[in-house]
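Asker: This is a predicted model, with the sequence first.
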Amino acid sequence: MNARTSKNAMNLSESLEDYLEAIAELIAIEGHAHTKAIAEKLNVKMPSVTGAIRQLKALNYIIYNSHCPVMLTEEGKAIAEDVIHRHKVLKEFFARVLGLPVAKASDAACHIEHVVDADAIRRFVIFSEAIEHRSDAEKLRTYLSEAMSNLEAQDGATLSVLSEFKVGDTVKVQRFGRNLTDMTKIAISIGDLLTIEGVSLDKTSLRLSREGVPLELPISIAENIWVVPVTDTI
């Protein structure tokens, strides 16, 4: 449990967390949070706001009197800050690491922020920062960029890297990844049909056949050759 949140916060509903988050954001932007503004921000009707305000007041997360702005107690502020932090981390992960459009990344974060705890968020941060900033993650960043672009271009179609297929599969080479800088080491061309024959015992190379002729590729190269599965071979 996060040290900033109370035991009661563990049982706080997603809806009430959204209300605390909205109140905190309105106060930060406008200096106050009136019930009408809360309703508009969350796109809900006033009776829903009234019910939520009543529950949050009973839990001692807000201070509210009729015709006055809603204020957060210290405990309510801590919970709101925690929810906002979770949303920010998840939104940045979805947008900057997974390449989702900002609006879609924010929407995904809204759905997930209520079910991840502080420990999971810390791990998201470590992973995201490693992917974005470590020099030894450069090739992984390149691969992720290509993989996400494939999803956008093909709407989740079947373009995958050669190393992901299993023995017996036949694939057609579509293109080479940017991580392959020395093409002289690759005896494969765009359009080639390849059948997966096996993997070396040390798991470092992939055995293939092309028109019945055997060949072998390092896994590090196969991980950067983009192919599509072929169901009917010539």
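Answerer: Now that the structure is in, tell me what you want to look at.

Asker: Can you give me every residue that contacts V171?
Answerer: Neighbouring residues of V171 by C-beta atoms under 8 Å, 6 or more residues apart in numbering: L162, F165, L193, L194, T195, I196, V227, V228, P229, V230. All C-beta atoms are positioned from the backbone trio N, CA, C, and that covers glycine.

Asker: my guess is the first one contacts V199, does it?
Answerer: No: using C-beta atoms under 8 Å, L162 makes no contact with V199, being 11.7 Å away.

Asker: Counting neighbours, go ahead and name the busier of those two.
Answerer: Taking neighbours as other C-beta atoms under 10 Å, L162 and V199 compare with L162 leading, 22 against 16.

Asker: ok, the residue most central in space within the chain to M46 distance?
Answerer: In the chain, the residue lying closest to the centroid (C-alpha atoms, centre = their mean) is F94, at 3.5 Å. F94 is 32 Å from M46, where distance means C-beta to C-beta, to the nearest Å.

Asker: Check L140 too.
Answerer: 49 Å.

Asker: Give me the phi and psi for E74.
Answerer: phi -60, psi -40 (degrees, to the nearest 10).

Asker: what's the burial count for it?
Answerer: Neighbour tally, E74, other C-beta under 10 Å: 9.

Asker: N60 versus that one, what's the distance?
Answerer: 10 Å.

Asker: Could you do D18 as well?
Answerer: Distance from D18 to N60, by C-beta to C-beta: 18 Å.

Asker: swap in E164?
Answerer: Counting by C-beta to C-beta, the gap from E164 to N60 is 53 Å.
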